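[1] Here is the input, now give the coordinates:
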Amino acid sequence: MYVDDWALTTGLSASENVVGRVQGFHLQGSTLEVSGLIEVKPNGEWSITGGTAAFASAHGTIKFINSPSSTATDAIRELDIHVFHTPEATVSTPSNFSLMPPCLLSFRD
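    The predicted structure is shown next:
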C-alpha cells in the first residue's frame, strides 16, 4: 500500500499557484471508489460506491476522526473502513472434461 499527496496547480510547474490537493492510497491491484467531502471537521463519513479488481461492486462506509493537529491544508485522519464485496467465483473444469462435437442421429424402420 502507498499514499498519494499531490498538489493541484494552475499550470504545469510546481512553482504555480496551488489550488487544491489530490490525496488517496493504493492497494496492489485493487481500488475503492469513495464519495464525500474533504472538510476540516472533528469527524465525518464517506461512502464507498464501487471499486476495481478484488473490490468490484464494493460498497460500504469510511468513518473518519481528524487529529487535533489537522489544518485545512494538512489533514491527519484516523480511518475506520467497512467494505462489503463479493469475491469473484473461480470456475474450473476437470482436466479430462471435453465437449463432444454435435452428431447426427438417424433412425431406421
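[2] Spatially central residue for the chain, please.
    The C-alpha lying nearest the average C-alpha coordinate of the chain belongs to Leu32 (CA atoms, centre = their mean; 1.2 Å).
[3] what's the spacing between the one helix or strand that residue maps to and its chain's center?
    Per DSSP states H and E, Leu32 falls inside strand 31-35. On the basis of CA atoms, centre = their mean, to the nearest Å, strand 31-35 sits 4 Å off its chain's mean C-alpha point.
[4] let's have the chain start at 57 instead
    Will do, 57 is the new start, and the previous item becomes strand 87-91.
[5] how about that strand: buried residues?
    Thr87, Leu88, Val90 (16 or more other CB atoms under 10 Å). Using the backbone N, CA and C atoms, a C-beta is placed for each residue, glycine as well.
[6] how close does the second one get to Glu72?
    Just to be clear, that refers to Leu88. Distance, Leu88 to Glu72, using CB to CB, to the nearest Å: 30 Å.
[7] by how many degrees do the lowest-mean-pLDDT helix or strand in the chain and strand 87-91 diverge?
    Comparing helices and strands within the chain by mean pLDDT, DSSP states H and E singles out strand 74-82 as the least confident, with a mean of 76. Angle of strand 74-82 versus strand 87-91, following axes from the mean of the first three to the mean of the last three CA atoms, to 10 degrees, is 140 degrees.
[8] and strand 74-82, which strands flank it?
    strand 58-65 (antiparallel) (DSSP bridges).
[9] Put the alpha carbons of the partner strand into PDB.
    The C-alpha trace of strand 58-65 is given here as PDB (Å, rounded to 0.1, in the frame of the first residue of the first chain):
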ATOM      1  CA  TYR A  58       1.200   3.500  -0.700                       C
ATOM      2  CA  VAL A  59      -0.300   7.000  -0.100                       C
ATOM      3  CA  ASP A  60      -0.700   9.800  -2.600                       C
ATOM      4  CA  ASP A  61      -0.500  13.500  -1.700                       C
ATOM      5  CA  TRP A  62      -0.300  15.600  -4.900                       C
ATOM      6  CA  ALA A  63      -0.600  19.400  -5.300                       C
ATOM      7  CA  LEU A  64      -3.100  20.700  -7.900                       C
ATOM      8  CA  THR A  65      -1.600  23.800  -9.600                       C
END
